[in-house]
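Colleague: Whatever this is, show me its structure:
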Amino acid sequence: MRQRLLWKLLIGHIVPVFGGIAYMVWREIHRAAAAYYEAIGSSPGASLEAHHRFLDAIRYDLIWGAVATLALTLLVMYLVTRWVLRPLFQITAITRKVADGNYSERVNVVSRYEVGRLADAFNHMADNLEKIERLRKNMVADIAHELRTPLTNLRGYLEGLSDAVIPPSRETFRMLEQEVLRLVHLVEDLQQLARADAARAFLDRQELSLHELLGQILELYRPNFQEKEIRVQWRLEPGSELVTADRDKLLQAIRNLADNAWKYTPRGGMVTISARRSTHGVRTVFANSGAMIGEKDIPFLFERFYRADRSRSRDAGGAGIGLAIVKELIEAHGGTVGAESDEQGTRVWFTLPG
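Modeller: Residues are numbered from 1 along each chain as shown. Coordinates of the predicted model:
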C-alpha cells in the first residue's frame with residue numbers, strides 16, 4: 001500500500017513516543033524490580049522502605065524517559081518535516097521567480113507521493129507558462145512583422161505621391177488598395193481568433209448534417225480548386241453524417257481547412273475529404289497531395305502565426321492563424337485536432353464527440 005503524507009506524519013509522532021516510552025518503562029521496571037526483590041529477600045523488615053524506593057525510582061525514570069522521548073520526537077519530527085516540506089520551500093522560492101517572469105526554474109522532485117506529485121504539477125505548470133510566454137513573444141513579433149510590410153509599402157507610396165515622385169495612376173491606387181486589404185484581412189483573422197478563444201461560452205449546439213456542411217464549403221471553394229486544376233475526392237462513410245455542434249463555428253473550422261488545403265495543394269494535385277464514425281466520435285480528414293511537412297513542425301501547425309515554411313509571404317502562406325482558429329473552435333466542442341504528413345501528402349483532421 002502506498003504511503004500517504006498523513007501516515008508519514010503520524011508515524012513520525014507515534015513511533016518515537018510509543019517506542020521510547022515502552023523501552024524506558026520496560027528497562028527501568030526491570031532494573032527497579034530486580035533491586036526491589038533483592039532488598040526484600042535480604043532484609044524482610046525493610047520491605048516498606050524498599051517499596052518506596054521502588055516507586056520513587058519508577059517515577060524518576062518515567063519522567064526522564066518522557067523528557068528523552070520528547071526530545072527524540074522533536075528531533076525526528078524536525079528531520080521528517082524538513083524532508084517533506086523541502087519541495088514546498090523550493091516551490092515558494094521558484095513561485096516568486098515565476099511571478100517576476102523567470103520561467104526557467106524547476107522544482108527538484110524527491111518523492112513519489114503527495115508533495116512529489118505537487119512538485120510534478122508545479123513543474124508542468126511552469127513548462128506550460130514558459131511555452132505560453134514564448135508563444136506570446138513570437139506572436140507579438142509575428143504581428144509586428146505582418147504589419148510592417150504593408151505599412152512600409154503604404155508609407156513609401158504615399159510619400160512618393162506627396163512628393164510627386166510617383167504619378168497618381170490607376171495602378172498605383174490599385175496597389176495601395178491591395179496593401180490596405182492585406183491589413184484588413186490580418187485584422188479580420190485576429191478578430192476570428194479572438195472569437196474562437198471565446199467560443200466555449202457561446203456555443204449554440206444543435207444536430208447538424210456534417211456532409212451537408214462539407215458540401216456547402218467545398219462548393220464555395222469550387223472556383224479556387226478549378227483554377228489550380230485540383231481534383232476533389234470524397235470518402236464519406238455511412239453513419240458519419242450527424243453531429244451535434246454550433247453551425248456557424250463548425251462552418252468556420254471547415255472553411256479554414258478547405259482554404260488551407262487549397263493553398264498548399266500544388267497545381268494538378270488532389271484533395272481527399274473523408275469522414276467516419278469511431279468510438280471517439282466523428283473524425284473528418286482533409287488530405288492533400290504536396291510537399292511533406294517536417295516531423296519537427298507537425299506539433300506546431302496549430303499554433304498561432306506558425307508557418308512551417310518561414311520564407312513564405314503572407315500572400316502565399318497566410319498569417320498562420322487558420323489552423324489555430326480550427327483548434328480553438330473544435331476544442332470548444334470537446335473535440336480534438338491533429339495532423340500528419342509523409343511522402344504522400346498532408347492530412348489534417350478533427351474529431352467531434354458524439
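
Colleague: Counting neighbours, which bits of stretch 328-343 end up buried?
Modeller: In terms of neighbour count (16 or more other Cβ atoms under 10 Å), stretch 328-343 has its buried residues at 328-333, 335-339, 341. Quick note: C-beta positions are derived from backbone N, CA and C, even for glycine.

Colleague: can you give me the end-to-end distance of that stretch?
Modeller: One end of stretch 328-343 sits 28 Å from the other (Cα to Cα, to the nearest Å).

Colleague: and if you look at stretch 220-239?
Modeller: Stretch 220-239 has an end-to-end distance of 25 Å (criterion: Cα to Cα).

Colleague: Going along the chain, name the strands of the stretch 101-250 of the chain.
Modeller: Applying DSSP state E, counting those that start in this stretch to the stretch 101-250 of the chain gives strands spanning 205-209, 231-236, 242-246.

Colleague: Out of the buried residues of stretch 328-343, list just those in helices.
Modeller: Applying DSSP state H to these, the entries found in helices are 328-332.

Colleague: that older thread, CSV for the strands of the stretch 101-250 of the chain, including mean neighbour count, mean pLDDT and distance to residue 106?
Modeller: Shown next, in CSV, are those (neighbours: other Cβ atoms under 10 Å; pLDDT from 0 to 100; distance: least, Cβ to Cβ, whole Å):
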stretch, mean neighbour count, mean pLDDT, distance to residue 106
strand 205-209, 12, 90, 41
strand 231-236, 14, 92, 46
strand 242-246, 20, 90, 40
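
Colleague: Relative to residue 272, which of those is closest?
Modeller: Residue 272 lies closest to strand 231-236 among those, at 4.4 Å (Cβ to Cβ).

Colleague: Restricting to C-alpha, output that closest one in CSV.
Modeller: In CSV, the C-alpha atoms belonging to strand 231-236 read as follows (Å, rounded to 0.1, in the frame of the first residue of the first chain):
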residue,chain,number,x,y,z
ARG,A,231,-9.3,17.2,-58.0
VAL,A,232,-11.5,16.7,-55.0
GLN,A,233,-12.3,13.2,-53.8
TRP,A,234,-15.0,12.2,-51.3
ARG,A,235,-14.9,9.3,-48.8
LEU,A,236,-17.9,9.9,-46.5
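
Colleague: Give me the contacts around it.
Modeller: Outside strand 231-236, the residues that touch it by Cβ atoms under 8 Å, 6 or more residues apart in numbering are 211, 214, 218, 225, 269-275.

Colleague: hmm, 10 Å instead?
Modeller: 210-211, 214-215, 218, 221-222, 225-226, 258, 261-262, 265, 268-276, 284-285, 287-289 (Cβ atoms under 10 Å, 6 or more residues apart in numbering).

Colleague: Filter those residues down to the buried ones.
Modeller: Buried, going by 16+ other Cβ under 10 Å: 210-211, 214, 218, 221, 225, 258, 261-262, 265, 269-275, 284-285, 287-289, out of the contacts of strand 231-236.

Colleague: Out of the strands of the stretch 101-250 of the chain, which is closest to residue 184?
Modeller: Nearest of these to residue 184, taken as Cβ to Cβ: strand 242-246 at 25.6 Å.

Colleague: List phi and psi for residue 271.
Modeller: Taking degrees, to the nearest 10, you get phi -120, psi 130 for the backbone angles of residue 271.

Colleague: Report the contact partners of it.
Modeller: Residue 271 makes contact with 218, 221, 225, 230-234, 258, 261-262, 264-265, 286-290, 345, according to Cβ under 10 Å, 6+ apart.

Colleague: is it in a bridge, and if so with what?
Modeller: Beta bridges link residue 271 to residue 232, residue 288, judged by DSSP bridges.

Colleague: okay, it: pLDDT?
Modeller: On the pLDDT scale, residue 271 is placed at 93.

Colleague: Check the one 3 residues further on too.
Modeller: Among the per-residue scores, residue 274 holds a pLDDT of 93.

Colleague: Pull the distance from stretch 321-331 to the chain's centre.
Modeller: Remark: stretch 321-331 is offset 16 Å from the chain centroid, using Cα atoms, centre = their mean, to the nearest Å.

Colleague: cool, stretch 91-111 as well?
Modeller: Chain-centre distance of stretch 91-111: 17 Å, with Cα atoms, centre = their mean.

Colleague: Extract the C-alpha trace of that stretch and format it as CSV.
Modeller: Extracted C-alpha coordinates of stretch 91-111, given in CSV (Å, rounded to 0.1, in the frame of the first residue of the first chain):
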residue,chain,number,x,y,z
ILE,A,91,8.1,25.9,-4.8
THR,A,92,7.7,29.1,-2.7
ALA,A,93,11.0,30.4,-3.9
ILE,A,94,10.5,29.5,-7.5
THR,A,95,7.0,30.9,-7.5
ARG,A,96,8.5,34.3,-6.7
LYS,A,97,10.8,33.9,-9.7
VAL,A,98,7.9,32.9,-12.0
ALA,A,99,5.9,35.9,-10.8
ASP,A,100,8.9,38.1,-11.8
GLY,A,101,8.9,36.5,-15.3
ASN,A,102,11.6,33.8,-14.9
TYR,A,103,10.1,30.6,-16.1
SER,A,104,13.3,28.5,-16.3
GLU,A,105,13.5,27.3,-12.7
ARG,A,106,12.1,23.9,-11.8
VAL,A,107,11.4,22.0,-8.5
ASN,A,108,13.7,19.1,-7.7
VAL,A,109,11.3,16.1,-7.2
VAL,A,110,12.4,14.0,-4.2
SER,A,111,9.3,12.0,-3.5
